[in-house]
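In: what follows is a protein structure lacking sequence information:
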Ligand SMILES: O=c1[nH]c(=O)c2[nH]c(=O)[nH]c2[nH]1
């Protein structure tokens, strides 16, 4: 019989720790020409951490301060070739150098900079690109890797080649059918690489990002859209078909509605020229596109990644 006089001690569940949002800017000098990498790196470690939670023993705890220092030291010692390469390096270091640490998850946001072209000497002036943030998440358990990369805040718009009609109508439906509308969204996308073990060559991360982004944009621009859902599938399938290293793509696409303004009260005709750009509410279209036979592993809620 279990002793019911004293309740059992509550059990520690999943836990992880580390230093979040280490902002690291690495300048690489090639004579007067400088190169810049600007990252926001979050480290999350897990392993034999029962004691620190139950008793406060820090014997297995690599301080979060040390994880921060490691990010900066690695930026100096190894440079930052790509966000993925840098994250892999860090994850491998934490799992292989610290016995109690069994799993490392490194999340990186990368901010883009473009050169300011000017008549003066040197190439060391940059302007932040107002476009997307590049993202990656590296997970390593000492045996296998999972690399999920992507982007967020990439705003795109087609000013034609978009329709929306033929939908279900009930007594609450007021939306007029559209045969020529603006289609605009702010793309949040994550794609999962099929590279998972060290014995296989890694993808070229920089080329992969550039090409994946290019295919995504080309599919958006080239698809004659009958719904944002159709455009989403076109973007995902183009990536999976053209990039062998990627098995899964997930999108979260807010439909940034542009409503035609009624100019009739002013005696003016609105021939698809003047729109009200509504900021909310917005349609939210989300889906995963998978290589046939592959498993979906990217979480449905991208805010969890
Ligand atoms: O592309 C669209 N998909 C929808 O599901 C939808 N619903 C809606 O009101 N407008 C749109 N547009």
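Out: Ah, there it is. Everything quoted here is computed from the prediction, not taken from an experiment.

In: do a quick rundown of the helices in the stretch 1-150 of the chain.
Out: Taking DSSP state H, counting those that start in this stretch to define them, one finds helices in the stretch 1-150 of the chain at 50-54, 64-78, 83-97.

In: okay if I get those helices as CSV plus distance to residue 192 and mean pLDDT?
Out: (Glycine included, C-beta is placed from N, CA and C.) Written out in CSV, the entries for the helices of the stretch 1-150 of the chain read as follows (distance: least, Cβ to Cβ, whole Å; pLDDT from 0 to 100):
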stretch, distance to residue 192, mean pLDDT
helix 50-54, 31, 96
helix 64-78, 24, 95
helix 83-97, 12, 98
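
In: pLDDT below threshold where in the stretch 101-250 of the chain?
Out: Across the stretch 101-250 of the chain, the stretches falling below the confidence threshold (pLDDT under 70) are 120-122.

In: around the ligand, which positions in it sit nearby?
Out: 164, 175, 227, 228, 229 (Cβ under 6 Å from any ligand atom).

In: report how many residues lie close to residue 78.
Out: Neighbourhood size, residue 78 [other Cβ atoms under 10 Å]: 14.

In: isn't it up against residue 90?
Out: No. Using Cβ atoms under 8 Å, residue 78 makes no contact with residue 90, being 9.5 Å away.

In: in the stretch 1-150 of the chain, which spans are strands?
Out: 22-30, 33-47, 101-111, 113-115, 126-128, 133-140, 145-158 (DSSP state E, counting those that start in this stretch).

In: can you list the strands that the fifth one pairs with?
Out: The sheet places strand 126-128 alongside strand 113-115 (antiparallel), with pairing taken from DSSP bridges.

In: quick revisit: tell me the buried residues within the residues of the stretch 101-250 of the chain next to the ligand.
Out: With neighbours counted by 16 or more other Cβ atoms under 10 Å, these contain buried members at 164, 227, 228, 229.

In: which of those residues lies closest to residue 187?
Out: Each of those was scored against residue 187 by Cβ to Cβ, and residue 228 proved nearest at 10.9 Å.

In: excluding chain neighbours, what is closest to the closest one?
Out: Computed as Cβ to Cβ, 6 or more residues apart in numbering, the closest residue to residue 228 that is not its neighbour in sequence is residue 285, at 4.7 Å.

In: try residue 211
Out: Distances taken as Cβ to Cβ, 6+ apart place residue 243 nearest to residue 211, at 6.4 Å, with adjacent residues excluded.

In: and that neighbour, how far from residue 207?
Out: Applying Cβ to Cβ, to the nearest Å, the value for residue 243 to residue 207 is 10 Å.

In: which one of those two has more residues nearby?
Out: Neighbours per residue (other Cβ under 10 Å) separate residue 243 from residue 207, with residue 243 holding more: 19 against 12.

In: thought that one was touching residue 212?
Out: Yes. Look at residue 243 against residue 212 with Cβ under 8 Å: they come within range, at 5.7 Å.
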